[in-house]
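Undergrad: okay, here's the prediction I keep looking at, along with the sequence it came from:
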Amino acid sequence: MQQNNLKVDDIVWPCELDTNVKQSLLAIAEHRYGPKDRKVEEQYAFQRGIYYYLQGSAAVCFYVTEPEKTIGTIHGKGDWMGVNSVGTQYKVVSNIEVIQEVELVFFPEMKLLDLAEREPQIYKLLFTASRDVHKIWLQSFLAFAHHNVLQVSYILLDIYNKGGVDGNPSKDIRISQQQLSFVVGCTRSKLNALLKDMEKRGYIKLGRNKITLVNLELLNAEVSRMNLMVKDPRADLQLDFDSHRQS
């Protein structure tokens, strides 16, 4: 945990809040960093509350039946996490692995709920942040239905758009096939076959624990065939989307 030097404008709030409410939230917040190669849940296990990603990205996965079968998504800069379990009795068990070193703001549950008793706008924050989290997961479920090059293309563009620790997207995505297989929800052997196919098509170049996005236009064209009604990972790409859309 680092000293809290946060400012109100450091966070993209999901709804309109009075300035004094934002300041009260920052007063209870903890500024944290998550080193790469160390699982987030190992650092912050059993600490209930909500997290906001200032920088970086992480793979968040849930096991469905066995370790080889997972449903996952990417959380990163501007995203909220943990909001759906605030005020509940259940414990969310997930596998969270840092892809790009993360910088987080943590709002402890008890302090958050205590503040809500005095500032009703906190419930507005919880509602809108929860809505945004649902959008991330709903689009991931839509991507999960494909289980092929479309899904992998979507995930890679999503990671790219989260940017690095300096906020600038990099075409070099430092992620292991083990981490990526958690998000895709398939075995490493099946993922490896998909990635090699994408490399042959000129989409990507494979390296040691690294995937380089060689052609963003081709990845964009692939993702354009998906149902992107909830969340479009191409939104910030400077590409001619319409030329790739298919009816």
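TA: Perfect, I can see it now. Numbers count the residues shown, from 1 in each chain.
Undergrad: so for stretch 127-138, mean pLDDT?
TA: If you average the pLDDT over stretch 127-138, you get 93.
Undergrad: and it, which residues are buried?
TA: Buried positions in stretch 127-138, judged by neighbour count with 16 or more other Cβ atoms under 10 Å: 128, 129, 130, 133, 136, 137. C-beta here means a position set from N, CA and C on the backbone, and glycine is covered the same way.
Undergrad: now, which of those residues lie within helices?
TA: When helices are assigned by DSSP state H, the members of the buried residues of stretch 127-138 inside them are 128, 129, 130, 133, 136, 137.
Undergrad: quick one: those residues as TSV, columns for distance to residue 75 too.
TA: As requested, those are exported to TSV (distance: Cβ to Cβ, whole Å):
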residue	distance to residue 75
128	17
129	12
130	14
133	9
136	7
137	10
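Undergrad: so for the residue nearest in space to the middle of the chain, what's the pLDDT?
TA: Relative to the mean C-alpha position of the chain, the nearest C-alpha, by Cα atoms, centre = their mean, is the one of residue 75, at 1.1 Å. Residue 75 is assigned a predicted lDDT (pLDDT) of 90.
Undergrad: cool, residue 240 as well?
TA: We note a pLDDT of 42 for residue 240 in this prediction.
Undergrad: repeat that for residue 103.
TA: The confidence metric pLDDT takes the value 89 at residue 103.
Undergrad: quickly list what it is bridged to.
TA: Applying DSSP bridges to residue 103 yields these beta-bridge partners: residue 33, residue 55.
Undergrad: which strands and helices sit next to the helix or strand residue 74 falls within?
TA: Element membership of residue 74 [criterion: DSSP states H and E] is strand 70-76. For strand 70-76, the helices and strands in contact under the criterion 3 or more Cβ pairs under 8 Å, 6 or more residues apart in numbering; DSSP states H and E are strand 49-63, strand 95-108, helix 121-144, helix 149-162, helix 177-184.
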